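K.L.:
no sequence on this one, just coordinates:
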């Protein structure tokens, strides 16, 4: 079932990417970055169909990277590239759905970011520059982010000559939105908050969190840096919406408790019902 869902997401993500390219960005002379941007510029200068340039650049890159990317990734990436190519061919004759510069930037970035994010989240890729970046990192120890930044800087500079400086500036905005949407698709849905609580009444706080909020907690053993006293630290993971209530419960019991909260991008695990030890017996 998980594999079916993954391939469904690969299909949806690939088609969304194709729609963002053919129906919004390409007809209006805007690009995002990577192979898709090169495809749009080649189409504008020499008239080659976007799908031809896209698949011609991506497949050799994929074959080159196959040795170190793994069989699962290669198969899913080939599938995503084929679906994206079919989507580009199908949508090519259709007219752009908007000519508003604001809508182009917002919805072009949104569609591409969501599409690419879904593909990456499902174990594939739609852009060959990412695979080259991984190879460069392994072969020459060049950070992936540095390589992608340099490549896309060159591509966006070229866009200023192929189109106009103004459109290149809009393309930078599209590129930014795409990157943020990819991050949101990969991490946003699973974001939670990890919380550490330092209190002089750890058992009372822990019992309230278990009973009132049904939050799983873990007791960590710590030592005061100034006093040297042994103390229990409560650690738990909750979501952004539950955190204000958690904070209220803790500070109601211990107004001078210290809470440290930070975002976590992914949380997984099976929730198990635990029996909370009696605080009195624990102290004895």
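P.N.:
Looks like it arrived, so ask away. These numbers were taken from a predicted model, which means no experiment stands behind them.

K.L.:
who's in contact with stretch 210-226?
P.N.:
Stretch 210-226 is touched from outside by 196, 198, 202, 206, 209, 229-238, 242, 245-246, 249, 271-272, 274, 276, with contacts defined as C-beta atoms under 8 Å, 6 or more residues apart in numbering. For the C-beta atoms, the positions are set from N, CA and C on the backbone; glycine is no exception.

K.L.:
poorly predicted segments of the protein, please.
P.N.:
144-145, 188-191, 266-284 (pLDDT under 70).

K.L.:
quick one: strands adjacent to the strand ranked longest in the chain?
P.N.:
Looking across the chain with DSSP state E, the single longest strand is strand 230-238. Note on strand 230-238: by DSSP bridges, its sheet partners are strand 192-198 (antiparallel), strand 217-223 (antiparallel).

K.L.:
point out the most buried one among these.
P.N.:
strand 192-198 (a mean of 18; mean count of other C-beta atoms under 10 Å).

K.L.:
between the helix or strand following it and strand 230-238, how many degrees?
P.N.:
Counting by DSSP states H and E, the element after strand 192-198 in chain order, helix or strand, is helix 202-213. Orientation of helix 202-213 against strand 230-238 (axes from the mean of the first three to the mean of the last three C-alpha atoms, to 10 degrees) gives an angle of 20 degrees.

K.L.:
helix 202-213: which residues count as buried?
P.N.:
202-203, 205-210 (16 or more other C-beta atoms under 10 Å).

K.L.:
ditto for stretch 147-160
P.N.:
147-148, 151-152, 155-156, 159.

K.L.:
beta partners of residue 221?
P.N.:
residue 232.

K.L.:
for residue 81, see how far away it is.
P.N.:
51 Å (C-beta to C-beta, to the nearest Å).

K.L.:
circling back: now the strands paired with strand 230-238 as CSV including distance to residue 97?
P.N.:
Formatted as CSV, the strands paired with strand 230-238 follow (distance: least, C-beta to C-beta, whole Å):
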stretch, distance to residue 97
strand 192-198, 36
strand 217-223, 50
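
K.L.:
if we can go back for a sec, from the buried residues of helix 202-213, which single one is nearest residue 17?
P.N.:
residue 209 (43.0 Å; C-beta to C-beta).

K.L.:
pretty sure the closest one sits against residue 234.
P.N.:
Yes. With contact defined as C-beta atoms under 8 Å, residue 209 reaches residue 234; the gap is 7.4 Å.

K.L.:
how about the nearest residue to residue 124, chain neighbours excluded?
P.N.:
residue 76 (3.7 Å; C-beta to C-beta, 6 or more residues apart in numbering).

K.L.:
give me the helices and strands touching the helix or strand where the one you found lies, please.
P.N.:
If you go by DSSP H and E, residue 76 is part of helix 71-91. Under the contact criterion of 3 or more C-beta pairs under 8 Å, 6 or more residues apart in numbering; DSSP states H and E, helix 71-91 touches helix 2-20, helix 50-69.

K.L.:
now the next helix or strand after the shortest one and helix 2-20, what's the angle there?
P.N.:
In the C-terminal direction, the helix or strand that comes right after helix 2-20 (DSSP H and E) is helix 34-46. Taking the same axes, to 10 degrees, helix 34-46 and helix 2-20 form an angle of 30 degrees between their directions.

K.L.:
buried residues in helix 34-46, which are they?
P.N.:
In helix 34-46, counting by 16+ other C-beta under 10 Å, buried: 34-44.

K.L.:
give me the contacts around it.
P.N.:
17, 21, 25-26, 29-31, 48-51, 53-54, 57-58, 61, 112, 126-130, 148, 151-152, 155-156, 158-159, 162-163, 171.

K.L.:
quick one: the helices in the stretch 101-250 of the chain?
P.N.:
Secondary structure of the stretch 101-250 of the chain (DSSP state H, counting those that start in this stretch): helices located at 101-121, 128-140, 144-162, 165-187, 202-213, 243-253.

K.L.:
point out the most buried one among those.
P.N.:
It is helix 101-121: most buried of the helices of the stretch 101-250 of the chain by mean count of other C-beta under 10 Å, with a mean of 22.

K.L.:
what helices or strands is that one leaning on?
P.N.:
Helix 101-121 sits against helix 2-20, helix 165-187, with contacts defined as 3+ C-beta pairs under 8 Å, 6+ apart.
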